[in-house]
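Q: show me the folded form of this:
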Amino acid sequence: MAHGHPDDVFREFLVAVLLHNEAVADRLGLQPVDVAAAILLETRGPLAVGAISEELGLPSASTTRLIDRLEKAGYVRRTRGERDRRTVTVELVEGGLDDYNAACEASRRHLAAISAHYEPEQAMVMLDMFSRVTEAYRCATKEVRG
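A: Numbering: from 1, shown residues only. This is a model prediction of the structure:
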């Protein structure tokens, strides 16, 4: 694999990830941000509507429409708080991400093949880097959104 300027390599990586997410969303009949919300719920567990809105940087009306789309597609359900009925939490439905996982089978297969090229300690360094890049992009996104 040819390596260009580090900035170019990283930017092409980002474009590839964004386009993959868009392709998966298209296959599922969802918006890319809907897929991001579903992944968020998978990794963090049930979240309050406000937490989803804040995490995705969306106005509450947009978040409501997003949750409506995910609920209609059978990915999530809303639940009301036991103590405070006004509190609405969103959770993944059992097996809700089966279609998503099927759509990601090709990427998982291709990514798994990469692991043969790295030692376990190298993988740990890369995971650390991904964690730091994630936080950097979260901070930058907040700055961009003002």
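
Q: helices along this structure, start to end?
A: Along the chain, the segments classed as helices by DSSP state H run 6-28, 32-44, 49-56, 60-72, 98-103, 105-114, 120-145.

Q: where does the protein dip in pLDDT?
A: For the chain, the stretches with pLDDT under 70 are 1-3.

Q: OK, contacts around the residue nearest the centre of it?
A: A centroid search over the chain (CA atoms, centre = their mean) returns Ala36, at 3.2 Å, as the residue closest to the centre. Ala36 makes contacts with 21, 56, as judged by CB atoms under 8 Å, 6 or more residues apart in numbering. In short, each C-beta sits where N, CA and C put it, glycine included.

Q: send me stretch 44-57 as PDB with only the CA atoms.
A: C-alpha atoms of stretch 44-57 as PDB (Å, rounded to 0.1, in the frame of the first residue of the first chain):
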ATOM      1  CA  ARG A  44     -23.400   3.100  26.100                       C
ATOM      2  CA  GLY A  45     -26.700   1.300  26.800                       C
ATOM      3  CA  PRO A  46     -30.000   3.100  27.200                       C
ATOM      4  CA  LEU A  47     -29.800   6.900  27.100                       C
ATOM      5  CA  ALA A  48     -32.100   9.800  27.900                       C
ATOM      6  CA  VAL A  49     -33.300  11.700  24.800                       C
ATOM      7  CA  GLY A  50     -31.400  14.800  26.000                       C
ATOM      8  CA  ALA A  51     -28.100  12.800  26.300                       C
ATOM      9  CA  ILE A  52     -28.500  11.500  22.700                       C
ATOM     10  CA  SER A  53     -29.200  15.100  21.500                       C
ATOM     11  CA  GLU A  54     -26.200  16.400  23.300                       C
ATOM     12  CA  GLU A  55     -23.900  13.600  22.200                       C
ATOM     13  CA  LEU A  56     -24.900  14.000  18.500                       C
ATOM     14  CA  GLY A  57     -25.000  17.800  18.700                       C
END
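
Q: hmm, what's the outermost residue in this protein?
A: Within the chain, the residue lying farthest from the chain centre (CA atoms, centre = their mean) is Arg83, at 29.9 Å.

Q: quick one, phi/psi of it?
A: Taking degrees, to the nearest 10, you get phi -80, psi -50 for the backbone angles of Arg83.

Q: so how far is Thr89 from it?
A: The gap separating Arg83 from Thr89 is 12 Å, by CB to CB, to the nearest Å.
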